[in-house]
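> Have a look at this prediction, sequence included:
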Amino acid sequence: MVNIKFEQLRKKYCNFNYDGYSITREKDSIKISFDFSINGLCEFHPATTIMTDNLDVINCFDSERGRSIAFSLGMVEAVSYWKCVCSENFNIRCGYINENDKIWWKKLWFNGLSEMFYRNGIESDFNSFVNINCSLESERINDFLPFKKSSINIVPIGGGKDSAVTLELLDEIKHMIKGFTVNDQAARTQCAEVSGIGVGNVIRTYRTIDKELLNRNSEGFLNGHTPFSAIVAFLSLYCAYLIGAENIILSNEASANESNVFGTEINHQYSKSYEFEKNFNEYLNAHFDMPVHYFSILRPFNELQIAKQFAKFKKYHSVFKSCNVGSKKNIWCCNCAKCLFVYIILSPFLSRREIFDIFSCDMLEKESLLNEFCGLVGFSDVKPFECIGTVKEVRFALDLTLKKYELAGEKLPVLLDYYKNNINPLPDRENLLCALNNENNIPQSFLKYVEEMYRYVSVCG
């Protein structure tokens with residue numbers, strides 16, 4: 001069924017324009033501003049601020065290379081605004097991209113918006129969902145200044161268990177790490193503090209949403225999930241350029257590659273996937289002439305293994321948060337699929353008392369979350385649209401937790417009992433703790449950290 005609103009809006013507002021961008025520097029910050037417009041509707045002027053009071057900026061903030069990265073950041077930032085009408089034409093008035101680049105950007109947008117299209121009932125295809133046009137007729141020849149390098153590694157910190165594991169794996173080089181955040185949240189600051197890198201060694205960036213977009217949302221224009229991690233990629237790359245960082249080290253796991261709607265490629269985590277990571281590196285190498293490596297050190301592992309590793313880092317247990325609903329209040333809401341997933345994936349590796357202390361409740365007793373539970377364990381065709389693990393990992397975690405309850409002779413919580421009575425028994429289920437994904441971009445010098453973690457997580461018991 002065709003979404004009538006989608007068809008009407010994209011034809012009525014058929015031209016979306018990327019009009020310009022600017023980079024300005026104040027005493028303690030650098031601001032990147034973007035200018036977008038939709039013919040006949042409105043203009044958007046979002047901005048991102050990078051605090052520099054704690055940074056040693058060694059490369060010129062508005063050099064040709066810096067502007068090239070900022071332009072690309074605008075290309076992914078624009079998606080959040082384009083999506084409100086899904087204009088037929090995306091017109092670039094402040095730069096040039098060649099035909100191969102147009103395909104690159106269309107791939108990111110199409111896959112990154114796959115959830116939004118699905119949840120809005122929008123039927124679209126890669127070739128026709130947007131036309132990218134450039135007002136400039138030829139590409140400038142980049143004449144970049146030499147890139148000044150430092151020995152710094154940038155680690156994005158989301159405040160959850162994954163980035164905490166990365167920080168602990170890299171503990172011996174923490175003096176060479178700068179954390180990176182987009183908009184402060186208490187959990188992110190606290191995790192940086194607990195890790196030992198300290199709040200003073202965090203690159204703080206602040207991204208604002210233009211109020212005009214919020215107005216369009218309230219008026220009922222199209223809305224939905226966008227590839228936020230792609231913004232993290234380009235923004236962290238610009239910061240890496242400023243300080244001459246060698247590596248941007250992510251905490252995305254192998255599980256991020258699984259789709260949410262089984263039998264399709266609709267993936268809430270597309271911009272955390274290995275496919276995007278690989279494509280981003282290709283774009284980086286082709287356009288910016290920078291010896292910066294963008295990779296996830298947790299890509300060899302699944303969520304189950306990361307949970308086991310995280311379970312031993314007790315110092316984070318009172319400060320980490322992964323709940324999107326409760327993020328502004330720095331709480332676990334305990335009523336969403338994300339909270340339930342984290343509870344389940346940690347349950348095999350923590351005592352009931354330890355996990356209760358984290359969530360202040362027993363989430364496996366929450367019958368009200370049965371629909372979310374069924375999505376997590378694969379009893380429905382759609383996995384919750386959250387950054388969560390695979391169905392196999394959730395089932396394996398529940399198998400381990402079930403065994404703990406049965407060995408202790410304890411009554412099963414509601415959801416665990418439901419699982420036991422409805423799942424097909426698989427006595428020879430693959431041991432996911434011994435899995436190792438070899439599809440990754442990890443440099444040779446960092447493989448020792450992978451090997452160290454694997455030795456611990458692959459041991460049963």
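Happy to help now that I have it.

> tell me what the host helix or strand of Leu407 is packed against?
Secondary structure assignment for Leu407, by DSSP states H and E: helix 391-408. Applying 3 or more C-beta pairs under 8 Å, 6 or more residues apart in numbering; DSSP states H and E, we find helix 391-408 packed against helix 303-311, helix 337-346, helix 370-377, helix 414-422. C-beta coordinates here come from the backbone N, C-alpha and C atoms, glycine included.

> Let me know the angle separating it from helix 337-346.
Calculated by axes from the mean of the first three to the mean of the last three C-alpha atoms, to 10 degrees, helix 391-408 forms an angle of 60 degrees with helix 337-346.

> quick one: helix 391-408 to chain centroid distance?
Centroid separation for helix 391-408 versus its chain: 27 Å, with C-alpha atoms, centre = their mean, to the nearest Å.

> can you check stretch 341-348 too?
Average the C-alpha atoms of stretch 341-348, do the same for its chain, and the two points are 20 Å apart (C-alpha atoms, centre = their mean).

> Could you pull up the mean pLDDT of it?
In this model, stretch 341-348 has a mean pLDDT of 98.

> got the buried residues for it?
Phe341, Val342, Tyr343, Ile344, Ile345, Leu346, Ser347, Pro348 (16 or more other C-beta atoms under 10 Å).

> Distance-wise, check the residue positioned nearest the centre of the chain relative to Ile355.
Closest to where the C-alpha atoms of the chain average out (C-alpha atoms, centre = their mean) is Ser229, at 3.8 Å. Going from Ser229 to Ile355 by C-beta to C-beta, to the nearest Å gives 28 Å.

> returning to what we had before: identify the residue nearest the residue nearest to the centre of the chain in space, chain neighbours excluded?
With sequence-adjacent residues excluded and distances taken as C-beta to C-beta, 6 or more residues apart in numbering, Ser229 is closest to Ser271, at 3.7 Å.

> Go ahead and confirm the one you found touches Leu250.
No: counting by C-beta atoms under 8 Å, Ser271 stays clear of Leu250, with 10.7 Å between them.

> bridging residues for the residue nearest to Asp184 when sequence neighbours are not counted?
Sequence neighbours aside, Arg204 is the residue nearest to Asp184 in space, at 6.4 Å (criterion: C-beta to C-beta, 6+ apart). With beta bridges defined as DSSP bridges, Arg204 has these partners: Thr181.

> my read: Asn324 touches Phe385, true?
No: using C-beta under 8 Å, Asn324 is not in contact with Phe385; the gap is 10.4 Å.

> got any ranges where the stretch 51-200 of the chain has weak pLDDT?
Within the stretch 51-200 of the chain, the ranges that satisfy pLDDT under 70 run 137-141.

> again, only using 80
Across the stretch 51-200 of the chain, the ranges flagged by pLDDT under 80 are 136-143.

> And stretch 383-391, how far out from the chain middle?
Centroid separation between stretch 383-391 and its chain, computed with C-alpha atoms, centre = their mean, is 13 Å.

> which residues touch that stretch?
By C-beta atoms under 8 Å, 6 or more residues apart in numbering, the residues outside stretch 383-391 that reach it are 115, 119, 225, 253, 255-256, 258-262, 268-269, 272, 302-304, 322, 324, 336-338, 341, 345, 372, 375-378, 394.

> how about a cut-off of 6 Å?
Contact partners of stretch 383-391, identified using C-beta atoms under 6 Å, 6 or more residues apart in numbering, comprise 115, 255, 258, 260, 268-269, 303, 337-338, 341, 372, 375, 378.

> Closest one to Leu242 out of those residues, please.
Gln269 (27.6 Å; C-beta to C-beta).

> what's the nearest residue to the closest one if we skip its chain neighbours?
Closest residue in space to Gln269, ignoring its immediate chain neighbours: Ala256 at 4.2 Å, by C-beta to C-beta, 6+ apart.

> quick one on the thing from earlier: which one of the buried residues of stretch 341-348 is nearest to Asn183?
Nearest to Asn183 among the buried residues of stretch 341-348: Val342, at 21.0 Å, using C-beta to C-beta.

> Give me the distance between Gly121 and Cys323.
Separation of Gly121 from Cys323 (C-beta to C-beta): 28 Å.

> And Lys314, by the same measure?
Remark: distance between Lys314 and Cys323 (C-beta to C-beta) = 20 Å.

> ok, these two, which is more surrounded?
Using other C-beta atoms under 10 Å as the criterion, Lys314 and Cys323 rank with Cys323 on top: 22 against 10.

> can you tell me the helix or strand for that one?
With DSSP H and E as the test, Cys323 turns up in no helix or strand.

> can you check Leu213 too?
Using DSSP H and E, Leu213 maps to helix 211-218.

> For that helix, what is the distance to the chain centroid?
Worked out by C-alpha atoms, centre = their mean, helix 211-218 lies 23 Å from the chain centre.

> and what of stretch 211-231?
The chain centre lies 17 Å from the centre of stretch 211-231; the measure is C-alpha atoms, centre = their mean.

> This completes my enquiry, with thanks.
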